[in-house]
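Trainee: okay, sequence plus prediction incoming.
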Amino acid sequence: MVLPRSEVTPSDGTGARRGRPARGTAVRLGLMAVPLAFFALFFAYPVVAIVGRGLKDGGQWQLSRFGAVLSDPDVVQVLWFTVWQAAASTGLTLLIALPGAYVFARFDFPGKQLLRAVVAVPFVLPTVVVGSAFLALVGRGGLLDDLWGVRLDTSVWAILLAHVFFNYAVVVRTVGGLWGQLDPRQEEAARVLGAGRFEAWRRVTLPALGPAVAAAALMVFLFTFTSFGVVQILGGPTFSTLEVEIYRQTADFLDLPTAAVLTMIQFAAVLGVLALHAWTVRRRESALRLVDASQTARRPRGRGQWTLLWGTLAVIAVLLLTPLVVLVERSFAGPDGYGTAFYTALGSAASTDSTFAVAPLDALWNSLAYGAAATVIALVVGGLAAAALTLPRLRRGPSGRTPLVSRFVRGFDALLMLPLGVSAVTVGFGFLITLDEPPLDLRASWWLVPLAQALVGVPFVVRTMLPVLRAVDGRLREAAAVLGASPWQVWRAVDLPMVRRALLIAAGFAFAVSLGEFGATVFLARPDQPTLPVAVARLLGRAGELNYGQAMALSTILMLVCAAALLVLERLRPLDRSGEF
């Protein structure tokens, strides 16, 4: 017998409205359980523990240490240099990369897609490789030193140029991707009404691009503010960022109080940058109407546009390709002329003056194994987190206040981004002092390194999966559920076929960033199981032509692996990028 509707649900419908949000909240919290547990155990616990050891004395918090550390002139100098070089790097990157963003957005020319992939190669390179590439170009015995006797590794310019090299693609992708989808007819209408070319761009296009430019600038500032590998290699003893100083205070001086204070300062600064970045992203998502990027690109016309195109190609060739080419060249420039002597030496542990307990080439296989394991962890944790964030948002209550669950979800979303900015050195050292007792005695475990690497991979998985998951029509899920499918069956039948490509892209990004993780891994990698970045840093830290050449060879191998992963990702990426990196 079929019951009347009034007998199935209350006449006012409140039962249905109450039941559905409750089930949705339970599912959301269930999906968030694994990511929350992962971040609690392998991020919050080590960071809080290392900070606590530095700021506690006899069980009491010693907040006076903040004043003692901040009154140290050397620490003040480090803080000033960290902020100054990050601001200078950001400004210089915007100045050099914004013309490139316009070229990729508005011009159509042969080889554009390949060049777009090449431009992104520096971003996925480990910072140790970036430092090695610029060391081969502007350092002692580098190309400029050999040709003209010019060295920049003792100046701040080497750091600034390396940061531009590393972050050029952030601006081109974030700003250029959006620029290509802005309707050019709006600017043309302003010109018809009498505005000049620059005036029309300033009044129409620039306000629309503002949030994207701000978002790109904040990301570049974040990456350069927390710079470690580049400054460690190119800065030497003269220049030090907060991240480098945290490493020195922890590893060299065992001064945990100073390291803890510096970690808290960096943490507060990163929170502020991430909050500003989230605000700019929300502005961009809510304020723009986009068109198909293929409709806005055209061949350059006129001398000015062709000059801009060739100028951009020259910048890419000089700034992005030259350091990589020099890196490869130095890896073949052996003591007896060009050859594979340095690559051959990688297969023998005896060639490193006891720098390693194993052959340096073993670091390649270690990195691949660690990277694969870290990718699986990042996909599971990040995939569950993205699925939780994709569920429909709860509406405001009668009082107009945001539900507690919604505020909790916002905090969860911010938590996922913190590993990108919190000191990796602190995380790595925190692993050593916290994960050494049952039931989490992992100090001798092979999984210690992949767990640390996965922390950096999770944010990339979440940011790659979220836009695709949110684009899935919710009515498809509802239809499958009405037909009797369980939540697992709904995900397998509806979501998975649509997000399979995004899942592969997320896996590629997680694998690439895992290969290049250095700040935490330098503490955790055992002497007999080094990763490629750790091996490169150790070789560069020892004198001798053979050690230097092997560092160049390992850097070249690591560069080729990362570049190959990126080229595969480019073929998988959807045509509609919606202005996202």
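Mentor: Perfect, I can see it now.

Trainee: all contacts plus neighbour counts: C-alpha atoms, from now on.
Mentor: Noted.

Trainee: low pLDDT regions in the stretch 201-350 of the chain?
Mentor: 201, 281-295, 349-350 (pLDDT under 70).

Trainee: strands of that one, residue ranges please.
Mentor: 333-334, 337-338 (DSSP state E, counting those that start in this stretch).

Trainee: does anything pack onto the lengthiest helix in the chain? Which helices or strands?
Mentor: Counting residues, the longest helix found in the chain (DSSP state H) is helix 73-106. Counting contacts by 3 or more Cα pairs under 8 Å, 6 or more residues apart in numbering; DSSP states H and E, helix 73-106 packs against helix 156-179, helix 206-225, helix 242-247, helix 302-315.

Trainee: residues near the closest residue to Phe38 other than its chain neighbours, how many?
Mentor: Nearest non-adjacent residue to Phe38, counting by Cα to Cα, 6 or more residues apart in numbering: Val381, 7.5 Å away. Neighbours of Val381 under the rule other Cα atoms under 10 Å: 27.

Trainee: now stretch 459-479: average pLDDT?
Mentor: Averaged across stretch 459-479, pLDDT comes to 78.

Trainee: and stretch 424-444, by the same measure?
Mentor: 82.

Trainee: quick check: buried residues in that stretch?
Mentor: Across stretch 424-444, burial judged by 16 or more other Cα atoms under 10 Å covers 424-432, 434-435, 442-443.

Trainee: could those go into CSV alongside distance to Phe134 and secondary structure?
Mentor: As requested, the buried residues of stretch 424-444 are arranged in CSV below (distance: Cα to Cα, whole Å; DSSP: H, G, I helix; E, B strand; the rest coil):
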residue, distance to Phe134, secondary structure
Ala424, 23, helix
Val425, 23, helix
Thr426, 27, helix
Val427, 27, helix
Gly428, 26, helix
Phe429, 28, helix
Gly430, 31, helix
Phe431, 31, helix
Leu432, 32, helix
Thr434, 37, helix
Leu435, 37, coil
Leu442, 36, coil
Arg443, 35, coil
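
Trainee: so which of those residues comes closest to Ala565?
Mentor: Among these, Ala424 lies closest to Ala565 (Cα to Cα), at 23.5 Å.

Trainee: what separation is there between that closest one and Ala214?
Mentor: Noted for Ala424: a distance of 25 Å to Ala214, by Cα to Cα, to the nearest Å.

Trainee: what helix or strand is the residue nearest to Phe38 located in?
Mentor: Element membership for Val381 (DSSP states H and E) is helix 362-390.

Trainee: elements contacting that helix?
Mentor: helix 14-39, helix 448-471, helix 496-516, helix 532-540.

Trainee: circling back: and of the strands of the stretch 201-350 of the chain, who's closest to Leu222?
Mentor: Nearest to Leu222, of the strands of the stretch 201-350 of the chain and by Cα to Cα, is strand 333-334 at 36.0 Å.

Trainee: and that closest one, how far from the chain's centre?
Mentor: In terms of Cα atoms, centre = their mean, to the nearest Å, the centre of strand 333-334 is set 34 Å apart from its chain centre.

Trainee: that strand pairs with which strands?
Mentor: Paired with strand 333-334 in the same sheet, following DSSP bridges, are strand 337-338 (antiparallel).

Trainee: quick one: the strand it pairs with to chain centroid distance?
Mentor: Once both centres are worked out by Cα atoms, centre = their mean, strand 337-338 turns out to sit 37 Å from its chain's centre.

Trainee: need the residues that contact it.
Mentor: Here strand 337-338 makes contact (Cα atoms under 8 Å, 6 or more residues apart in numbering) with Phe332.

Trainee: now stretch 212-224
Mentor: 85-87, 89-91, 94, 163, 167, 170-171, 174-175, 178, 270, 273-274, 276-277, 280-281, 284, 421, 579.

Trainee: same question for stretch 559-570.
Mentor: By Cα under 8 Å, 6+ apart, the surrounding residues in contact with stretch 559-570 are Ala117, Ala120, Val121, Val124, Leu125, Val129, Leu504, Ile505, Gly508, Phe509, Ala512, Leu515.

Trainee: and which of the residues you listed is nearest to Asp528?
Mentor: The shortest approach to Asp528 among these belongs to Leu515, at 17.4 Å (Cα to Cα).

Trainee: so how many other residues sit close to that closest one?
Mentor: By the criterion of other Cα under 10 Å, Leu515 has 30 neighbours.

Trainee: quick check, it in contact with Leu368.
Mentor: Yes. The pair Leu515 / Leu368 is scored as a contact, 7.2 Å apart, by Cα atoms under 8 Å.

Trainee: quick one, what contacts Arg470?
Mentor: Counting by Cα under 8 Å, 6+ apart, Arg470 makes contact with Thr390.

Trainee: do Thr263 as well
Mentor: If you count contacts by Cα under 8 Å, 6+ apart, then Thr263 has Val51, Leu242, Ile246, Val422, Ser423, Thr426 around it.

Trainee: circling back to that earlier point, what's the average pLDDT for the helix or strand following the longest helix of the chain?
Mentor: Moving toward the C-terminus from helix 73-106, the next helix or strand (DSSP H and E) is helix 112-124. Averaged over helix 112-124, pLDDT sits at 83.

Trainee: and the next helix or strand after helix 112-124, how far out from the chain's middle?
Mentor: Next along the chain after helix 112-124, taking DSSP H and E as the criterion, comes helix 127-138. Here the centre of helix 127-138 is set off from its chain's centre by 19 Å, with Cα atoms, centre = their mean.

Trainee: next: stretch 38-47.
Mentor: 19 Å.

Trainee: what's the first-to-last distance across it?
Mentor: First-to-last residue span, stretch 38-47, Cα to Cα: 13 Å.

Trainee: got the buried residues for it?
Mentor: Buried residues in stretch 38-47 (16+ other Cα under 10 Å): Phe38, Phe39, Leu41, Phe42, Phe43, Ala44, Tyr45, Pro46, Val47.

Trainee: then stretch 253-260?
Mentor: Quick answer for stretch 253-260 (16+ other Cα under 10 Å): Leu256, Pro257, Thr258, Ala259, Ala260.
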